[in-house]
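Colleague: need a structure here:
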Amino acid sequence: MKYLFTSLFSCLLVASIAQTTIGVQLYTFRTQIPKDVPGMLSTISKMGLREVEGGGTYGLPFNDYKQLLEKNQLKMVSIGADFNKLQTDLPAVIAEAKAFGASYVTCFWIPHTGDDFTLEDVNKAITVFNTAGKVLKENGLSLCYHPHGYEFRPFENGTLFDRLVTELNPQYANFEMDVFWIKHPGQDPVALLKKYPNRFPLMHLKDRKPGTEGNQFGRADVETNVVLGTGDVG
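Modeller: Below you'll find the predicted structure:
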């Protein structure tokens with residue numbers, strides 16, 4: 001099963017995608033949820049969504065938060081995991097994922113100094129992801145990495161991202177594509193999907209305000225996010 005997580009909804013999206021489950025990344029509601037956790041989870045459920053991506057409990061006891069998810073028929077299919085925690089406290093990551101009933105563990109950032117993302121950073125990530133991914137697989141979980149644009153800096157005949165893909169064992173680590181963060185550094189999401197089929201079991205669908213200047217730093221103003229189908233990603 002593949003999962004799409006969207007933060008800016010389009011009713012046309014559901015009809016156009018087959019064999020895919022559509023959910024929402026709870027970070028979308030990072031301002032609203034802390035103010036009213038029960039209310040926002042209820043709102044998400046009333047939208048007809050049943051799958052969510054997140055992790056953490058917004059300050060609630062774990063069992064209380066999980067009961068709210070269950071009450072609203074929301075399944076946590078993917079949790080976020082800090083890069084360093086994948087190295088130093090993997091048992092805790094596994095325990096959290098299993099407690100939520102999640103299938104995926106997703107890392108959203110590879111630590112690096114300032115804007116200087118290097119081959120050394122990539123090579124370290126390859127080791128960490130392959131090592132952690134193997135253990136996660138042994139525990140019935142799948143590891144994904146969510147690129148943010150800095151991975152697309154030139155390297156040899158391609159990019160650092162190409163090295164990351166080719167060196168990560170697909171049995172242990174794959175990717176969550178965020179179409180915004182593929183477009184922003186000047187890449188083509190469709191071309192990347194064709195280049196690396198079966199490496200993106202998770203996807204974030206967002207759109208970008210036309211005329212936005214891209215970069216390879218992993219930064220963008222939140223105001224450049226626009227309603228899906230009204231921007232320049234597609």
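
Colleague: so residue 32 touches residue 42, yeah?
Modeller: No: in terms of Cβ atoms under 8 Å, residue 32 does not count as a neighbour of residue 42; the distance is 11.7 Å. The C-beta positions use only the backbone N, C-alpha and C, and glycine is treated the same way.

Colleague: who has more neighbours, those two?
Modeller: Neighbours were counted for residue 32 and for residue 42 using other Cβ atoms under 10 Å; residue 42 has more, 15 against 12.

Colleague: what sits against the more buried one?
Modeller: residue 72 (Cβ atoms under 8 Å, 6 or more residues apart in numbering).

Colleague: give me the element it is part of.
Modeller: helix 37-46 (DSSP states H and E).

Colleague: Give me the distance from that helix to the chain's centre.
Modeller: 21 Å (Cα atoms, centre = their mean, to the nearest Å).

Colleague: buried set for it?
Modeller: Across helix 37-46, burial judged by 16 or more other Cβ atoms under 10 Å covers 37, 40, 41, 44, 45.

Colleague: Over to stretch 95-108?
Modeller: Of the residues in stretch 95-108, those buried by neighbour count under the rule 16+ other Cβ under 10 Å are 96, 97, 100, 102, 103, 104, 105, 106, 107, 108.

Colleague: before we move on, the earlier item: quick one: average confidence on the helix or strand following the helix holding residue 42?
Modeller: Sequence-wise, the next helix or strand downstream of helix 37-46 (DSSP H and E) is strand 51-54. For strand 51-54, mean pLDDT is 95.

Colleague: List the strands paired with strand 51-54, with their directions.
Modeller: strand 20-25 (parallel), strand 75-80 (parallel) (DSSP bridges).

Colleague: May I see the buried residues of whatever helix or strand residue 194 lives in?
Modeller: For residue 194, the element it lies in under DSSP H and E is helix 189-195. Across helix 189-195, burial judged by 16+ other Cβ under 10 Å covers 189, 192, 193.

Colleague: Ok, stretch 81-89 next?
Modeller: Buried residues in stretch 81-89, counted by 16+ other Cβ under 10 Å: 81, 83, 85, 86.

Colleague: Contacts for it next, please.
Modeller: Contacts to stretch 81-89, defined as Cβ under 8 Å, 6+ apart, come from residues 55, 92-93, 105-107, 109-111, 125, 128-129, 132, 143.

Colleague: all helices of this structure, in order?
Modeller: For the chain, the helices defined by DSSP state H occupy 11-16, 37-46, 62-71, 83-88, 90-100, 119-138, 160-167, 179-183, 189-195.

Colleague: Show me how far the shortest one is from its chain's centre.
Modeller: In this view, helix 179-183 has its centroid 12 Å away from the chain centroid, taken as Cα atoms, centre = their mean.

Colleague: As PDB, could you dump the C-alpha coordinates of that helix?
Modeller: Extracted C-alpha coordinates of helix 179-183, given in PDB (Å, rounded to 0.1, in the frame of the first residue of the first chain):
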ATOM      1  CA  VAL A 179       6.700  17.300  -4.400                       C
ATOM      2  CA  PHE A 180       7.200  20.900  -3.100                       C
ATOM      3  CA  TRP A 181      10.700  20.000  -1.800                       C
ATOM      4  CA  ILE A 182      11.600  18.300  -5.100                       C
ATOM      5  CA  LYS A 183      10.400  21.300  -7.200                       C
END
